[in-house]
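Student: need the 3D shape of this:
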Amino acid sequence: MKTATFAGGCFWCIESAYNRLAGVHGAVSGYTGGPGANPSYKEVCGGRSGHVEAVQIRYDPAQIDYDTLLRAFFALHDPTTLNRQGNDVGPQYASVLYYHDEEQRQAAERMLAELAGNYPDPIVTRLEAAVPFYPAEDYHQQYFDQHGHEPYCQMVVAPKLAKFQQYFSVYLKK
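Tutor: All right, here's what the predicted structure looks like:
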């Protein structure tokens, strides 16, 4: 098993998509990138903790490779908006790729260079070494699967997930 950590706006969208991919053995919503340990949702959402909402993924590289995880990451959010995804605004919604080893760093650099010309605006996704990751409170885990009927999930998460499932159908769990 290997670990990947991505921050791309609201973690409910990102976590839900990754948990649907074959080869992913768990995606956990949480916080990373800030100086303090074990931040709360309230602290992170306040935008002052230095942490971002992120998802940490355990995956089997024999079943799904890191490049596919990277492509999914870029399909799930807009990497050209600084500290913002849709109506979610603040430094806690930054786009960040956290690499866990040199191989991931190089793959992320290649992907960022490859995608640079595909957007009308510059990509603002940061590339940083992985730092401690703190799982979010239990009620954030598998949020869409448990609360898909709620307005935010219907208006924001469901359309992203539908688009994701269409483009990544070959990688979905059976």
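
Student: and residue 118, how far from residue 85?
Tutor: Distance of residue 118 to residue 85, given as Cβ to Cβ, to the nearest Å: 18 Å. Using the backbone N, CA and C atoms, a C-beta is placed for each residue, glycine as well.

Student: more neighbours, the two?
Tutor: When neighbours are counted by other Cβ atoms under 10 Å, residue 118 and residue 85 differ, and residue 85 comes out ahead with 22 against 9.

Student: how far away from the center of its chain is the lengthiest helix in the chain?
Tutor: For the chain, the longest helix by residue count, based on DSSP state H, is helix 102-115. Computed by Cα atoms, centre = their mean, to the nearest Å, the chain-centroid distance of helix 102-115 equals 16 Å.

Student: strands along the protein, start to end?
Tutor: 2-8, 24-32, 52-59, 84-85, 88-89, 95-99, 126-129, 133-135 (DSSP state E).

Student: now for the ones you listed, which one comes closest to residue 76?
Tutor: Residue 76 sits nearest to strand 2-8 of all the strands of the chain, at 5.7 Å, using Cβ to Cβ.

Student: who does that closest one touch, helix- and strand-wise?
Tutor: Packing contacts for strand 2-8, counted by 3 or more Cβ pairs under 8 Å, 6 or more residues apart in numbering; DSSP states H and E, involve strand 52-59, helix 66-76, strand 95-99.

Student: any weak-confidence spans in the protein?
Tutor: Nowhere does the chain drop to pLDDT under 70.

Student: neighbours of residue 100, how many?
Tutor: 15.

Student: OK, contacts around it?
Tutor: Neighbour list for residue 100: 2, 3, 4, 5, 130 [criterion: Cβ atoms under 8 Å, 6 or more residues apart in numbering].
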